[in-house]
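In: Provide a 3D model corresponding to the input given below.
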Amino acid sequence: MHVGYGSGFQHLAGYSDAQFMREELGNCERAESQGFDSVWVTEHHFDSYSLSPDVCQLLSYLAGKTKRVKLGSMVIVVPWHDPMRLAEQIVLLDHYSGGRMILGVGRGLARREFEGLRIDQNEGRQRFNEYTELVLKALETGFMEGGETVKQPRREIRPRPIKSFKGRSFAAAASRDSVPVVARLGLGLLVILQKAWDQVRADFELYHKSWRESQGPNVEPTKPFCSGFCFVDESADRAEELARKYLALNYREALDHYEMFGKHFDTTKSYERYSDLSKYLNSIGADKAVDDYIKLMPWGTPQQVLEKYAGMKELIDMQGIMPNFFFGGMPHEESVRNINCFVKHCLPELKSWPAATLTEPAELAAV
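Out: Numbers count the residues shown, from 1 in each chain. Model (predicted):
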């Protein structure tokens, strides 16, 4: 199974951004020598929830610091970008890295980010559908043209794409309404742990149904990747104490960042599912929501963590995972300890598990 290193660049500690960036970039750079298969970074803006405003720029830096690992976007929020510029950035990164990028895209959720980037959140779904289709087509053909709203004049991507992104393109679909869109676009699912497994199972049933309808019964969907937060320690008591502490701090920050207890989803177009979720969270309260979230994550002794991943593998048959080890205001020394324990006790076993292999990108014809 493919095992990547995931980074949300969440900085909840009280020291400088400069120090934090040195620490987490160091963790990302060491991932290759520690045996991870990939490094993944997120896109967020404007607060401590994540200091990662430019995925392609971060991955370009890491491309220059590494030789082997794949470079994953978890995710690029497509509605926040001009599609032509985004396609150019992705292709340039693929040139830098020799075709090592794994593309992950998403729609975005946080009101503060849409407003700060001066983008109407009511246009989020329409922008995602239109822009993603334009970008995916450009990555295969080397040209972009059209779009219902952007009306992009036909222009060539230079440097031209060198390798196909088919089989290495994924999308997060946290809202059930997004699942058929992901299937129609021919993207694999990027599972970001945040909801009960019975809901995830239902999403996969809808995804496979939508895939067959849009891609045909003879085309197999790409096996998913799964992210999440992980804490591992040889002591069961220590693992539980610290996992609960830092996962709780992490999730409370997420609830605040996304304003999940607010009412704005009620009046935001195409975010009706989040309106329902907000009502549910208000009904159970923050403490219960945090506890439910903690139970989803793989944490504990190495054996407990492996058992959690084995259960996930049985449910969704993912081809890979990308745990996040630095979160919730955790001290850097603790994140390093967490990573090292995982690398020593979990990584070899996880990599030995049979799984679908990430498609090696096909060379595109030079024009």
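In: Nearest the middle, which residue of the protein would you pick?
Out: Per Cα atoms, centre = their mean, the C-alpha nearest to the average position across the chain is that of Met74, at 2.6 Å.
In: give the contact list for the residue nearest to it when sequence neighbours are not counted.
Out: The shortest distance from Met74 to any non-neighbouring residue, by Cβ to Cβ, 6 or more residues apart in numbering, is to Trp40 (4.1 Å). Quick note: C-beta positions are derived from backbone N, CA and C, even for glycine. Trp40 makes contact with 4-7, 71-74, 102, 104, 227, 322 under the criterion Cβ atoms under 8 Å, 6 or more residues apart in numbering.
In: need the contact list for the residue nearest to the centre of the chain.
Out: 6, 40-42, 104, 172, 190, 192, 227, 322.
In: quick one: Pro161 and Asp94, what's the gap?
Out: The gap separating Pro161 from Asp94 is 7 Å, by Cβ to Cβ, to the nearest Å.
In: So what touches the longest helix anywhere in the chain?
Out: For the chain, the helix that runs over the most residues, judged by DSSP state H, is helix 236-257. With contact meaning Cβ under 8 Å, 6+ apart, helix 236-257 is reached by 10, 12, 44, 47-49, 110, 112, 229, 231-233, 260-261, 281, 286, 289-290, 293-294, 297, 299-301, 304, 327-330, 334.
In: Show me those residues that map onto helices.
Out: The helices, defined by DSSP H, take in 112, 281, 286, 289-290, 293-294, 304, 334 from the contacts of helix 236-257.
In: Mind jotting down where the helices sit in this structure?
Out: Using DSSP H, the helices assigned to the chain run over residues 17-34, 55-65, 83-97, 111-116, 124-141, 179-184, 197-215, 236-257, 272-284, 286-296, 302-316, 332-345, 347-352.
In: Let's have those in JSON lines, adding distance to Glu360, mean neighbour count and mean pLDDT.
Out: Shown next, in JSON lines, are those (distance: least, Cβ to Cβ, whole Å; neighbours: other Cβ atoms under 10 Å; pLDDT from 0 to 100):
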{"stretch": "helix 17-34", "distance to Glu360": "18", "mean neighbour count": "16", "mean pLDDT": "98"}
{"stretch": "helix 55-65", "distance to Glu360": "17", "mean neighbour count": "20", "mean pLDDT": "98"}
{"stretch": "helix 83-97", "distance to Glu360": "13", "mean neighbour count": "20", "mean pLDDT": "97"}
{"stretch": "helix 111-116", "distance to Glu360": "34", "mean neighbour count": "17", "mean pLDDT": "98"}
{"stretch": "helix 124-141", "distance to Glu360": "16", "mean neighbour count": "20", "mean pLDDT": "98"}
{"stretch": "helix 179-184", "distance to Glu360": "22", "mean neighbour count": "20", "mean pLDDT": "96"}
{"stretch": "helix 197-215", "distance to Glu360": "20", "mean neighbour count": "15", "mean pLDDT": "95"}
{"stretch": "helix 236-257", "distance to Glu360": "34", "mean neighbour count": "18", "mean pLDDT": "98"}
{"stretch": "helix 272-284", "distance to Glu360": "35", "mean neighbour count": "15", "mean pLDDT": "93"}
{"stretch": "helix 286-296", "distance to Glu360": "32", "mean neighbour count": "16", "mean pLDDT": "96"}
{"stretch": "helix 302-316", "distance to Glu360": "22", "mean neighbour count": "17", "mean pLDDT": "97"}
{"stretch": "helix 332-345", "distance to Glu360": "25", "mean neighbour count": "18", "mean pLDDT": "98"}
{"stretch": "helix 347-352", "distance to Glu360": "17", "mean neighbour count": "15", "mean pLDDT": "98"}
